[in-house]
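**Student:** Take this sequence and fold it.
(one chain, ligands or ions: 2)
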Amino acid sequence: MNSKYYLKCVKCNHIIDDFSIWFDNNQKCPKCGSNWATVHYNESIQKIKDLIKPDSPKPQSFWHYFDFLPLIDKKNIVTRGEGVIPAERWTFLEDYAKRKFNLNLTVYAYRNDLNQGTGTFKDVAASSAASILKEHGIKEYAIASTGNIATAYSHYLAAAGISINVFVPNDALKAHEAEVSSYGQRIFRVNGDYGLAKKIAAEFSEKNGILLSGGNTDPMRVEAKKTMVFEWLRQLGTLPNIYIQALSGGTGPIAIDKACDELAEAKIDIKLPRFIMVQPHNCDPMTAAWKDAKTKNFPEGWENNYPVYENPETKIPTLATGNPKTYPIIGKLVKKSNGEIISFDEDEMANVAKLVAYETTVKIGPASTVAVGGFFESLKQGLIKNGDSVLINVGEGVQRASELMNEMIYTTKKVDSVDECEPADRTEFSKELWSKFDKYAE
Ligand SMILES: Cc1ncc(COP(=O)(O)O)c(C=O)c1O
Ligand SMILES: [Zn+2]
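**Tutor:** Ligands and ions are numbered 1, 2, ... in the order given. Predicted coordinates for the structure are as follows:
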């Protein structure tokens, strides 16, 4: 029991006083057994207005929002300074929209690749989980992951002195395996897809009585990720009206919706951004489900109707969720936000990565190319309107994806003598790089 926060079961509204009860009850509601609970705070949300003042000094990390995070004692914070990353204007995308579609847009890239822990979208969640688990004296943990969350949790839990058992699918990138291993955390590479990794992890958790990460609705994750909304308000003074993210399980939209609910209580004038969720075309079960529901005009129970893809063969293993169990939640949120779930042709991954690196010097990773690619696809489908303010979640850098990195080599010329080496002019590459995006404007 604490006086700072409590959890509330989303299904039956039962109040759970503390994370200790939540953990003792295997992260389930003691009354109805649901595994989805949200956190609520006794501190008045009015206080957020001070925390998001634009002229205050730059915060050290997302723990700046400590009053609205479910941790009691600041000494338990495990941080690497994550979560105060910039929302950067990417004017080259604004110029493209103007040139090809005559749209005046503001486009931001939310630079999760700059997170200091492991350089992904997952660092804030891992910092939050490590701190809360530490506060409750937990020494062992387990997680199933496509890669980024495994790496982030391995890092932060190691920093907290907690052992984690990581379960990844057989197509997870070698770089994740190496990194998890380097922290001395156990990695189990299962002989199958992400669905099998989750199944074995759940059985392992039950067999050994070890807590298993709760997935996309895990309150430790959602609470951390909601702070991105506070950061946008602090940095931009307002929210973008379109949020584009590569979609796997969908913690992002769940967390944004939670933040907007909290802020509504503070009577801060904001509107939920339209969620444009993007899946790689080789693993896009939520897109398929959404398209089908839309064609049928969202009949009763539409959100429970989705396909399951066994062993999806995508070049982007971090997004390889073939069994989209969160679709009932995500589909409804996307609808509530007046958004869309779309696919992006993952064969264009390298073209996107090359263009972004050329225009900004930022080397984005595979999942991020799907989000940026989703911007082009959204323009093509007419989903973005004049005057819109668009924020693209750049979830990861390229550092773990050596194949994508190799595909970004395009300026090499093999030579035998100086006679063959003419002076370089980098602008000569621009036309060729941009020509790959003409098709979105036809
Ligand atoms: C970089 C990156 N972007 C996006 C996602 C998708 O996140 P979510 O599970 O919230 O859909 C992931 C998931 O692993 C990721 O690593
Ligand atoms: Zn309940």
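
**Student:** which parts of this structure sit against ligand 1?
**Tutor:** Applying CB under 6 Å from any ligand atom, we find that the chain lies next to ligand 1 at 120-122, 146, 148-149, 216, 246-252, 318, 367, 395-396. From N, CA and C alone the C-beta is placed, and that goes for glycine too.

**Student:** and these, which of them are in helices?
**Tutor:** In this view, these that belong to helices under DSSP state H are Asn148, Ile149, Thr251, Gly252, Ala367.

**Student:** Need the pLDDT of the third one.
**Tutor:** If you check Thr251, the pLDDT there is 93.

**Student:** and the end-to-end length of stretch 314-332?
**Tutor:** Start and end residues of stretch 314-332 are separated by 26 Å (CA to CA, to the nearest Å).

**Student:** tell me the mean pLDDT for it?
**Tutor:** 96.

**Student:** List the buried residues of it.
**Tutor:** 314-324, 326-331 (16 or more other CB atoms under 10 Å).

**Student:** coming back round to it: reformat the ones in helices among the residues of the chain next to ligand 1 as a markdown table; add neighbour count.
**Tutor:** Formatted as a markdown table, these follow (neighbours: other CB atoms under 10 Å):
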| residue | neighbour count |
| --- | --- |
| Asn148 | 29 |
| Ile149 | 29 |
| Thr251 | 24 |
| Gly252 | 25 |
| Ala367 | 29 |
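
**Student:** This structure: strands as residue ranges?
**Tutor:** Assigned by DSSP state E, the strands in the chain fall at 5-9, 15-16, 37-41, 87-89, 106-111, 140-144, 163-168, 186-189, 242-246, 274-280, 340-344, 389-394.

**Student:** Show me what the last one is packed against.
**Tutor:** Contact here means 3 or more CB pairs under 8 Å, 6 or more residues apart in numbering; DSSP states H and E; on that basis strand 389-394 packs against strand 106-111, strand 242-246, helix 366-380.

**Student:** Measure how the last one sits relative to strand 389-394, angle-wise.
**Tutor:** Using axes from the mean of the first three to the mean of the last three CA atoms, to 10 degrees, one finds that helix 366-380 and strand 389-394 are set 150 degrees apart in direction.

**Student:** Could you do the second one as well?
**Tutor:** With the same axes, to 10 degrees defining the directions, strand 242-246 sits at 20 degrees from strand 389-394.

**Student:** What pairs with strand 242-246, parallel or antiparallel?
**Tutor:** Strand pairing for strand 242-246, using DSSP bridges, gives strand 274-280 (parallel), strand 389-394 (parallel).

**Student:** Please identify which of these is closest to Gly373.
**Tutor:** Gly373 lies closest to strand 274-280 among the strands paired with strand 242-246, at 7.0 Å (CB to CB).

**Student:** ok, and what's touching the closest one?
**Tutor:** Strand 274-280 has contacts (CB atoms under 8 Å, 6 or more residues apart in numbering) with 241-247, 250, 253, 256, 285-287, 314-316, 319, 330, 333-334, 337-344, 346, 370-371, 373-374, 377-378, 383.

**Student:** need the helices for the stretch 51-200 of the chain, in chain order.
**Tutor:** Using DSSP state H, counting those that start in this stretch, the helices found in the stretch 51-200 of the chain span residues 91-101, 123-135, 148-159, 174-182, 194-208.

**Student:** Which one of those helices lies nearest to Met228?
**Tutor:** helix 123-135 (7.6 Å).

**Student:** Just the angle for the closest one relative to strand 163-168, thanks.
**Tutor:** 140 degrees.

**Student:** elements contacting helix 123-135?
**Tutor:** Secondary elements touching helix 123-135 (3+ CB pairs under 8 Å, 6+ apart): helix 148-159, helix 219-236.

**Student:** out of those, deepest packed?
**Tutor:** Ranked by mean neighbour count, those are led by helix 148-159 with a mean of 27 (mean count of other CB atoms under 10 Å).

**Student:** from what I can see Pro273 touches Asn393, true?
**Tutor:** No. With contact defined as CB atoms under 8 Å, Pro273 and Asn393 do not form a contacting pair (11.0 Å).

**Student:** and Val190, how far is that from Trp434?
**Tutor:** 42 Å (CB to CB, to the nearest Å).

**Student:** Look at those two and report which has more neighbours.
**Tutor:** A count of neighbours by other CB atoms under 10 Å puts Val190 above the other of Val190 and Trp434, at 19 against 16.

**Student:** Give me the buried positions along the lowest-mean-pLDDT helix or strand in the chain.
**Tutor:** Least confident element among the helices and strands of the chain, by mean pLDDT, DSSP states H and E: helix 48-51 (a mean of 92). Within helix 48-51, the residues that qualify as buried are Ile48, Leu51, counting by 16+ other CB under 10 Å.

**Student:** which ones are touching the nearest residue to Gly387 once chain neighbours are set aside?
**Tutor:** Leaving aside its chain neighbours, Gly387 sits nearest to Asn104 (6.2 Å; criterion: CB to CB, 6 or more residues apart in numbering). Neighbour list for Asn104: Glu94, Ala97, Lys98, Asn386, Gly387 [criterion: CB under 8 Å, 6+ apart].

**Student:** Apply 10 Å and report the result again.
**Tutor:** By CB atoms under 10 Å, 6 or more residues apart in numbering, the residues touching Asn104 are Glu94, Ala97, Lys98, Asn386, Gly387, Asp388.

**Student:** Quick one, which of these are buried?
**Tutor:** The neighbour-count test (16+ other CB under 10 Å) marks Glu94, Ala97, Asp388 as buried among the contacts of Asn104.

**Student:** quick check, nearest of the residues you listed to ligand 2?
**Tutor:** Asp388 (38.7 Å; CB to the ion).

**Student:** gap between Asn191 and ligand 1?
**Tutor:** Distance, Asn191 to ligand 1, by CB to the nearest ligand atom, to the nearest Å: 21 Å.

**Student:** how near is that residue to Asn165?
**Tutor:** 17 Å.

**Student:** So for these two, which residue has more residues nearby?
**Tutor:** Using other CB under 10 Å, the more surrounded residue of Asn191 and Asn165 is Asn165, with 20 against 9.

**Student:** Ile384 versus the residue nearest to Gly387, what's the distance?
**Tutor:** Per CB to CB, Asn104 is found 11 Å from Ile384.

**Student:** Mind listing the shared neighbours of those two?
**Tutor:** By CB under 10 Å, 6+ apart, the residues touching both Asn104 and Ile384 are Ala97.

**Student:** Please give me every residue in contact with the closest residue to ligand 1 within the stretch 301-442 of the chain.
**Tutor:** Ligand 1 sits closest to Gly395 of the stretch 301-442 of the chain, with a gap of 2.6 Å, by CB to the nearest ligand atom. Applying CB under 10 Å, 6+ apart to Gly395 gives the contacts 110-113, 115, 119-122, 148, 245-246, 248, 252, 318-319, 364-368, 370-371.
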